[in-house]
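Pasting the sequence and the predicted model now:
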Amino acid sequence: MIDIADNFGICALSIVPVRAEAAQQGEIINQLLFGDVYTVLRFSEDHKWINISSAFDDYKGWIEVKQHRPVNRSYFETVKSSNFPVCKDLIGLVRGKNRFFPIVFGSTLPYYESGFIMLGDEQYIFEGKAGLIEKSSYKVIEAIARHYLSAPYLWGGKTHFGIDCSGFVQQVFRLSGYSLPRDSMHQAEAGTEVSIQELIPGDLAFFKNAHGNIIHVGIAMEHRQIIHASGEVRIDLLDDKGIFNESTNSYTHRLASVRRILK
């Protein structure tokens, strides 16, 4: 039985869905990737679900108790504050004494050293390419973004196997050394606002619906292109009206604002 005193956890599976409600039918609003740590806020009445807050971006939602791996405060604080290497392969492999499983690109490798990692007090072997996250230039950001090309769109997703527009932007910038909120409406408050005429590669472009609400985001590229998750991660044209899809000869998103994150 997990006690409320165990109020820190780590994602010890490849991917854990984070839901808006404490139910299997609840909308998936985010994902934890292997190595992500979080704070436990409360339990559901039936103690089958835990409301958590991600340490990286304070994003809140529900995960199943069965997918919760408790850690102590010292471990949590170390993983939260340290720049441990991440998995740089599309798929890596974690092996323990009695289990092994794949992990995805960008997953954190806690206490990584010479191919070994620590999950709480258990040692595992990591097979794959590991690398540190460093604050990067636009060229690195573009390379990471292109690495996700053709990843299918998935609401709440954050991996090559399914990703949404804000999850894509957050992951690309996270792996480039920058912290952004999870949702596009909050990302639209980050950095500094610039005009479309001042647009440079690496700026974030935001798009609105008929009510003026932010509903989409992408990363500006050279030659007035934009890379974004819409159906799949793709590259389209960007101008002062919005995103233009050449294959359909139509605008798909209306421009709302541009924000500069890179200094």
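Right, received. Where do you want to start?

rest of the way, CA atoms for contacts and neighbours
OK.

ok, residue 157 - contacts?
29, 30, 31, 163, 164, 167 (Cα atoms under 8 Å, 6 or more residues apart in numbering).

how far away is the closest residue to the fourth one other than its chain neighbours from residue 167?
Distance criterion Cα to Cα, 6 or more residues apart in numbering; nearest residue to residue 163, sequence neighbours excluded, is residue 157 at 3.9 Å. Residue 157 is 6 Å from residue 167, where distance means Cα to Cα, to the nearest Å.

what's the neighbour count on the closest residue to residue 230 other than its chain neighbours?
Distances taken as Cα to Cα, 6+ apart put residue 153 closest to residue 230, at 6.2 Å, once the chain neighbours are dropped. Residue crowding around residue 153 was assessed by other Cα atoms under 10 Å; the count is 22.

tell me which of the contacts of residue 157 is nearest to residue 125?
Of all those, residue 125 sits closest to residue 31, with 23.4 Å by Cα to Cα.

what sits opposite that closest one in the beta ladder?
residue 17 (DSSP bridges).

which parts of the biggest strand by length in the chain are buried?
Taking DSSP state E as the criterion, the chain has its longest strand at strand 250-260. The neighbour-count check on strand 250-260 (16 or more other Cα atoms under 10 Å) flags 251, 253, 254, 255, 256, 257, 258, 259, 260 as buried.

Mind putting the contacts of residue 157 into a markdown table with neighbour count and distance to residue 10?
Shown next, in a markdown table, are the contacts of residue 157 (neighbours: other Cα atoms under 10 Å; distance: Cα to Cα, whole Å):
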| residue | neighbour count | distance to residue 10 |
| --- | --- | --- |
| 29 | 22 | 18 |
| 30 | 25 | 15 |
| 31 | 22 | 12 |
| 163 | 27 | 21 |
| 164 | 28 | 23 |
| 167 | 27 | 19 |
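
could you dump the residues you listed to JSON lines with distance to residue 146 and pLDDT?
Formatted as JSON lines, the contacts of residue 157 follow (distance: Cα to Cα, whole Å; pLDDT from 0 to 100):
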{"residue": "29", "distance to residue 146": "24", "pLDDT": "98"}
{"residue": "30", "distance to residue 146": "22", "pLDDT": "98"}
{"residue": "31", "distance to residue 146": "21", "pLDDT": "98"}
{"residue": "163", "distance to residue 146": "14", "pLDDT": "98"}
{"residue": "164", "distance to residue 146": "15", "pLDDT": "98"}
{"residue": "167", "distance to residue 146": "15", "pLDDT": "98"}
